[in-house]
Every structure is written in C-alpha cells, then in structure tokens.
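Asks: Sequence and predicted structure are below.
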Amino acid sequence: MKLARILAALVMLATLGACTTIQIDPLPEGMTDQPPANWTTRAASLGELDHWKLTGKLAVRQPSDSGTAIINHWVQDGEAYDLALSSSFLGMGSTTLKGVPGFIELTLPNGETYRSGEPETLVEAATGWQLPLENLTWWIRGLPSPASDYRLLFDDQGTLAIIRQDGWEIRYDRWQTFLSSYPALPARITALKEEKRVRLVVSDWQEQRE
C-alpha cells in the first residue's frame, strides 16, 4: 500500500509538472490570479461571440521597423477571418488577410496573392510585421486561446488586466460596452513580447448574424 501511494504521488507530480509551463513570476502590485466569481459565465458568453465585424487601428513596433494601419474591417465568421488593412508603411497599401487556423491567403495592393499553412510566417515575410494572428482572435475578445497554456491576472475590481500566453503579455488598457447582449469588450489592447509591441484600438464592433 505504501508503494502504491508513493507511485500515485509521483504520477500526480508529473502530471502537474506537465501542465504548468507558464512561469510563475511575482504578481504585479494590485493584481491577483484568482478570477472573480462571474469569470466563468463571462468567458462563456464571450466565447459565443464568434461572428462579428469590427473597425479600428493597429500599431506595430519592433526592432526592425514600426508602423500603423487602419483596420477597414475585421470580419470573423466562426474560425474564418477576413481582415482588411490600409497603411502607407512599407508600401503596404490595402492588404487583405483571409484565413482559418493553420491557413492564410494574403493579397497585396498589386493584386498578388500568396497562400501558406504558416500564417504568421507569411505575414512577416510580406509586411515585416510579426502578428500573433490566431491568438488575436481570442485576445481581442478578452479571452485566452485554448491552444496553449496561459495565465490570467485581474485588477482589484475583478477586471481582466493581463493575459500571459506563448511568450506574449496582453494588457487590457480599456474596455467598452459595444454590444448590448454581451459583456464589455476590449477597446484597446497592447500585446508585448520581448522588444515587439502590437497595439490594437477598436472604434466600432458589430455582431454578425450566422
């Protein structure tokens, strides 16, 4: 029996070690990693918002270059997205990104179209920007991506303040009630990773019917 208990304990420790890949740093002042009582309900509601159209602005800063773009539209249809950007940065002009997880079609201002099974690699090659596209679909709603481990930090009001995931720190700078049937949504987020920063400001958000 004693041996069985020891083996069971070792299995439990191994399982916990396998699940915990997010480094546990000291909490920032005024933050807690204990979710508020309404978090599960809130997350479930936002998870149901998977058909939308938003407009706004995008700013990218990284060691190699920086720039801004207008988000003419970001249409989300379940897992499929259609993102239209306009920018004079690097001659980017009007660029369209259409895709689903694991696939992207990128159309440049001159009409040239490229397709790839590695969305982030293609976007970086075409524009020079490093955008965590597939995670952004979740982060923009104030949710962590279910594809990898994450850590959530809440402020003293119980509002989500930071998501740490895949080496990125996503800071929620402002929330706004865009849609009456859903909780407040992010109006401005800042995603940081090493020397890279992506800032996204939402000016309008509409729910799209299936």
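Replies: Sure, I can see it.
Asks: following the lowest-mean-pLDDT helix or strand in the chain, which helix or strand comes up?
Replies: Here the helix or strand of the chain ranked lowest by mean pLDDT, DSSP states H and E is helix 2-19, holding a mean of 37. Going down the chain from helix 2-19, the next helix or strand is helix 39-47, by DSSP states H and E.
Asks: pLDDT on that following helix, on average?
Replies: Predicted confidence along helix 39-47 averages 95 (mean pLDDT).
Asks: Kindly report the same for stretch 162-182.
Replies: Across stretch 162-182, pLDDT averages out at 95.
Asks: Buried residues of that stretch, list them for me.
Replies: Within stretch 162-182, the residues that count as buried by 16 or more other Cβ atoms under 10 Å are 162-166, 168, 170-172, 175, 178, 182. Backbone N, C-alpha and C define where each C-beta goes, glycine included.
Asks: Which of the residues you listed fall within strands?
Replies: Among those, DSSP state E puts 162-165, 168, 170-172, 175 in strands.
Asks: just the residues you listed now: which is nearest residue 151?
Replies: Distance to residue 151, by Cβ to Cβ, is smallest for residue 164 among these, at 4.4 Å.
Asks: Kindly provide the distance from that closest one to residue 171.
Replies: From residue 164 across to residue 171, the span is 10 Å (Cβ to Cβ, to the nearest Å).
Asks: Then residue 133?
Replies: Distance, residue 133 to residue 171, by Cβ to Cβ: 19 Å.
Asks: one step back: turn the ones in strands among the buried residues of stretch 162-182 into JSON lines, including distance to residue 190.
Replies: Converted to JSON lines, these look like this (distance: Cβ to Cβ, whole Å):
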{"residue": "162", "distance to residue 190": "10"}
{"residue": "163", "distance to residue 190": "11"}
{"residue": "164", "distance to residue 190": "13"}
{"residue": "165", "distance to residue 190": "14"}
{"residue": "168", "distance to residue 190": "10"}
{"residue": "170", "distance to residue 190": "7"}
{"residue": "171", "distance to residue 190": "5"}
{"residue": "172", "distance to residue 190": "8"}
{"residue": "175", "distance to residue 190": "13"}
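Asks: Give me the below-cutoff pLDDT ranges for the chain.
Replies: Scanning the chain for pLDDT under 70 picks out 1-25, 89-92, 210.
Asks: try 50
Replies: 1-22, 90 (pLDDT under 50).
Asks: Tally up the residues packed near residue 201, please.
Replies: Residues within reach of residue 201, counting by other Cβ atoms under 10 Å, total 17.
Asks: quick one: it and residue 54 touch, right?
Replies: No: between residue 201 and residue 54 there is no contact under Cβ atoms under 8 Å: 10.4 Å.
Asks: which parts of the helix or strand containing residue 56 are buried?
Replies: In the assignment (DSSP H and E), residue 56 maps to strand 51-61. Residues of strand 51-61 classed as buried by neighbour count (16+ other Cβ under 10 Å): 52, 54-58, 60.
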